[in-house]
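> sequence below, structure please.
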Amino acid sequence: MNDPAGGRVDPAAVHFRDSWSRLLRDGHGAMVSPGILGPLVYRTAELLSRAHSDDPFDAALAERAGELLVDAQFTDPEVLARAVALLQQWPPPDGRGPALTGAFAAGWSSALRDRTLREQEAIRRAVDLARRGAERALYASEARFRAMFERAAVGIGFADLEGNVLTVNSALQEMFGAGTEEFRHLNVASLVHPDDSPGVWEAYHELIKGKREQFQCDKPYYRQDGEVIWTHLTVSLIRDEEGTPRYQVAMLEDITDQHRLQERLRYQATHDPLTGLWNRTAFFERLEALFADPEPDARFGLCSVDLDGFKNINDSLGHATGDQLLGAVADRLHSSLAPLGHMVARLGGDEFIVLLENCQGRQEGISAAQTVLGALAPPFLIGGQQLAVRASVGVVEQPVSATTPGAAMRSADLTLYRAKKEGRGRWTLFDPRRNAATVSQYAMSMRIPMALDRGEFFLEYQPLCTLDDGVMVAVEALVRWRHPELGVLGPEEFIATAEDCGLIIPLGRWVLWQACHQAAQWTSRFGAAAPRMNVNLAVRQVRNAELITDIDRILQESDLEPGKLQLEITESAMLGPRDPALQALRELVGMGVSLTVDDFGTGWSNLAYLRTLPVAGLKIAGAFVSDLHSTGEDPLGWRIIGGMVSLAHQLGLTVTAEGVETAADAERLREMGCDCAQGWHYGRPARPGEITRRIVERTGGTRSDGAHTSGQQSLNRD
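Purely as a prediction, here's the structure:
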């Protein structure tokens with residue numbers, strides 16, 4: 001739909017304006033002149049449309065719309081109820097429905113109250129004039145006063161300065177459901193209600209002592225039948241001609257419906273609609289209030305709760321079942337923890353939070369976490385089927401003065417993450433040192449992209465040598481990080497972080513590019529005497545859909561023969577026979593790139609399955625070899641290594657032993673038939689220039705085709 005200017009018109013807005021026009025033209029609107037009603041409909045609809053769509057939200061627009069209706073005599077509560085119902089049906093952006101409805105109702109109520117107050121003030125003045133006139137002219141003025149007193153729409157009552165009720169009008173009798181005689185036996189002091197706001201009775205005593213002329217407040221009363229009625233109360237002092245206080249007159253407006261509407265809107269603004277628990281907004285307001293003005297030794301506790309595997313329930317049984325389960329979980333948490341004085345809130349999804357105010361120590365926080373797990377232990381009956389639910393809980397218990405609301409929530413989230421990572425279905429207590437390490441890890445992950453751009457990473461190369469003659473046949477590329485604050489970091493200090501946050505893909509791509517270009521330089525200068533380049537692939541890289549494209553592009557850009565590149569995959573990345581990534585490895589082998597299994601012996605791989613993988617060799621983990629010396633001579637351990645070598649050879653695979661640090665180990669491995677070795681005995685990781693020097697020493701600067709190259713010049717360039 002288009003407007004006359006050619007712009008798009010929101011169909012929901014057009015529907016709202018039509019409905020709004022019909023609403024105002026019904027009832028009282030039928031008696032209003034079209035010349036007045038038309039502009040009123042247009043003006044109020046425009047204000048509400050702007051309040052609905054403007055960003056940021058302007059509550060004053062919706063309040064003004066309510067005020068305009070009251071000014072035009074639209075004061076029937078039925079009009080307000082229908083208007084609120086219509087606004088709630090209007091799809092609000094960004095969840096501003098309760099705010100829009102509340103602002104409109106507040107404007108309407110405020111304008112109606114001001115109008116009533118003006119009437120009340122006129123009545124009060126009339127009452128005072130009538131009283132004075134009665135003293136002067138007796139019956140004539142008394143008759144006028146009685147007529148106004150009895151016919152007033154608001155409840156009016158007179159009492160003496162001791163609080164004894166003298167007379168009330170019919171409106172007040174109807175409001176309280178009591179007769180004149182029942183009121184005459186009442187004293188104002190007996191009308192106390194538990195929900196009276198602070199200061200009401202202090203203001204009343206000041207009034208009867210003559211220290212003030214009037215006060216106003218919203219006050220609840222008990223009706224004769226026990227029901228509660230909410231009123232807007234105005235109490236005024238009546239003085240005689242000499243100015244001496246004589247009486248008090250109270251005027252009461254029934255605002256029960258408006259009060260209930262405000263309470264309903266307030267509840268919607270602070271409670272989760274699905275579970276009825278406190279929502280995120282209410283929780284953070286309570287948490288910040290706890291930190292606003294604490295006692296010096298005040299402590300608090302947080303239990304961050306997350307359901308384990310809830311997504312599987314939503315995916316398999318549907319969101320309706322998931323919603324029912326969340327409601328049942330919320331009921332158990334509330335019934336278990338609320339009686340202990342703890343606040344339970346839902347932050348969103350399957351995340352809940354428990355706030356322990358005035359916590360007595362760490363054990364109370366742990367006890368609350370155990371209560372959570374105990375409450376969720378029995379299965380839930382949802383839709384005729386039993387569902388077992390487990391949860392992970394992160395527990396934080398600290399002095400209020402030791403942290404801030406934001407830091408406390410971050411600590412709770414990180415502790416919850418540890419609980420999930422360490423096994424789920426458990427609680428974990430906040431550990432400042434581990435929290436600091438996690439924060440440091442996060443900061444490191446955030447810096448990796450910048451480090452790649454700034455060239456902070458570099459490669460070193462460790463030789464792989466044959467055990468028969470010690471000739472260097474390959475080098476393994478090992479990435480290092482020259483961190484500007486922490487110095488040079490080894491891969492064990494940042495690779496796991498890069499894998500966890502997904503940055504291993506760009507980092508691994510950079511390592512491949514650098515290593516292949518370096519290998520191409522050595523091949524160009526030394527021919528077949530140049531070592532093969534071994535590069536590690538992380539699990540995420542193996543499963544990356546762009547792996548083949550990346551390696552093919554890098555080989556072409558570096559002009560490196562595929563046979564000069566060998567990729568090492570960890571034992572944990574070994575794939576099943578139906579794994580889609582297995583085809584990618586076969587394509588790599590088809591390109592001429594060779595594969596080897598790294599860190600073999602540290603996992604639980606199916607040895608027989610090695611024959612189905614497109615790998616050319618395996619590397620026995622250095623930790624496995626070094627462990628043989630930690631407990632002295634271990635003949636069984638050496639026999640296991642011998643068995644690995646024998647099995648690998650039967651499968652047609654070459655075997656490289658890592659972590660070889662002594663000549664004795666090298667000799668023993670050679671006797672077992674192991675093909676190659678890698679370790680400090682054969683050379684530590686070194687920069688390209690050192691590897692170039694070793695090649696020159698072995699070849700005498702001669703290429704495999706008989707040509708000569710200047711070793712000194714090459715060394716200087718590297």
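> low pLDDT regions in the stretch 351-500 of the chain?
435-442 (pLDDT under 70).
> burial check on the nearest residue in space to Arg184 that is not next to it in sequence, number of neighbours?
Excluding its sequence neighbours, the residue lying closest to Arg184 (Cβ to Cβ, 6 or more residues apart in numbering) is Val165, at 6.0 Å. Quick note: C-beta positions are derived from backbone N, CA and C, even for glycine. If you count neighbours by other Cβ atoms under 10 Å, Val165 ends up with 21.
> and Gly318, how far from Gly383?
Going from Gly318 to Gly383 by Cβ to Cβ, to the nearest Å gives 9 Å.
> Gly177 too?
In terms of Cβ to Cβ, Gly177 sits 46 Å off from Gly383.
> go on, Gln521?
67 Å.
> also Asp293?
48 Å.
> more neighbours, these two?
Comparing Asp293 with Gly383 by neighbour count (other Cβ under 10 Å), the higher total belongs to Gly383, at 11 against 8.
> that one touches Gln324, doesn't it?
Yes. The criterion here is Cβ atoms under 8 Å, and Gly383 meets it with Gln324 at 6.8 Å.
> check contacts around Val354.
301-303, 305, 333, 337, 342-345, 368, 372 (Cβ atoms under 8 Å, 6 or more residues apart in numbering).
> quick check: which element contains it?
strand 351-357 (DSSP states H and E).
> show me how far that strand is from its chain's centre.
14 Å (Cα atoms, centre = their mean, to the nearest Å).
> can you list the strands that it pairs with?
strand 299-308 (antiparallel), strand 343-348 (antiparallel) (DSSP bridges).
> okay, those in a markdown table with distance to Asn534 next?
Shown next, in a markdown table, are those (distance: least, Cβ to Cβ, whole Å):
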| stretch | distance to Asn534 |
| --- | --- |
| strand 299-308 | 40 |
| strand 343-348 | 47 |
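> check what pLDDT Arg8 gets.
On the pLDDT scale, Arg8 is placed at 56.
> what's the answer for Asp94, then?
At Asp94, pLDDT is 61.
> and what of His205?
Taking His205 on its own, its pLDDT is 86.
> got it, and the one 3 residues further on?
The per-residue pLDDT reported for Ile208 equals 83.
> ok so, going back, Asn187 is in contact with the residue nearest to Arg184, correct?
Yes. The criterion here is Cβ under 8 Å, and Val165 meets it with Asn187 at 7.1 Å.
> circling back to that earlier point, next, the residue nearest to Arg184: phi, psi?
phi -70, psi 130 (degrees, to the nearest 10).
> can you name the residues that contact Gly490?
Gly490 neighbours (Cβ under 8 Å, 6+ apart): 478, 480.
> ranges for the helices of the stretch 551-700 of the chain?
581-591, 622-630, 635-650, 663-672, 688-699 (DSSP state H, counting those that start in this stretch).
> in terms of mean pLDDT, which of the ones you listed ranks lowest?
helix 622-630 (a mean of 68).
> looking at it, Asp468 is touching Arg670, isn't it?
Yes. With contact defined as Cβ under 8 Å, Asp468 and Arg670 form a contacting pair (6.8 Å).
> the two - which one has more neighbours?
Arg670 (16 against 9).
> burial of Phe215, as a residue count?
17.
> any idea how far Ala250 is from it?
Taking Cβ to Cβ, one finds Phe215 at 10 Å from Ala250.
> which neighbours do the two share?
In contact with both Phe215 and Ala250: 234-235, using Cβ under 8 Å, 6+ apart.
> hang on, the earlier thing: for Arg447, which of the strands paired with strand 351-357 is the nearest?
When the strands paired with strand 351-357 are compared by Cβ to Cβ, strand 299-308 sits nearest Arg447, at 26.8 Å.
> next structured bit after that closest one?
Heading C-terminal from strand 299-308 (DSSP H and E), you reach helix 310-317.
> buried ones in the very next helix or strand once past that following helix?
Next in sequence after helix 310-317, counting helices and strands by DSSP H and E, comes helix 319-337. Neighbour counts over helix 319-337 (16 or more other Cβ atoms under 10 Å) mark 321-322, 324-330, 332-334, 336-337 as buried.
> equivalent analysis for stretch 468-481, please.
472, 474-481.
> between these, which is nearest Leu191?
Trp481 (75.9 Å).
> which residues sit against stretch 169-181?
Contacts of stretch 169-181 (Cβ under 8 Å, 6+ apart): 149-150, 152-157, 167-168, 183, 221, 223-225, 229, 231, 252, 254.
> next up, the contacts around Arg184.
With Cβ under 8 Å, 6+ apart, Arg184 has these contacts: 165-167.
> buried subset of the contacts of Val354?
Buried among the contacts of Val354 by 16+ other Cβ under 10 Å: 301-303, 305, 333, 337, 342-345, 368, 372.
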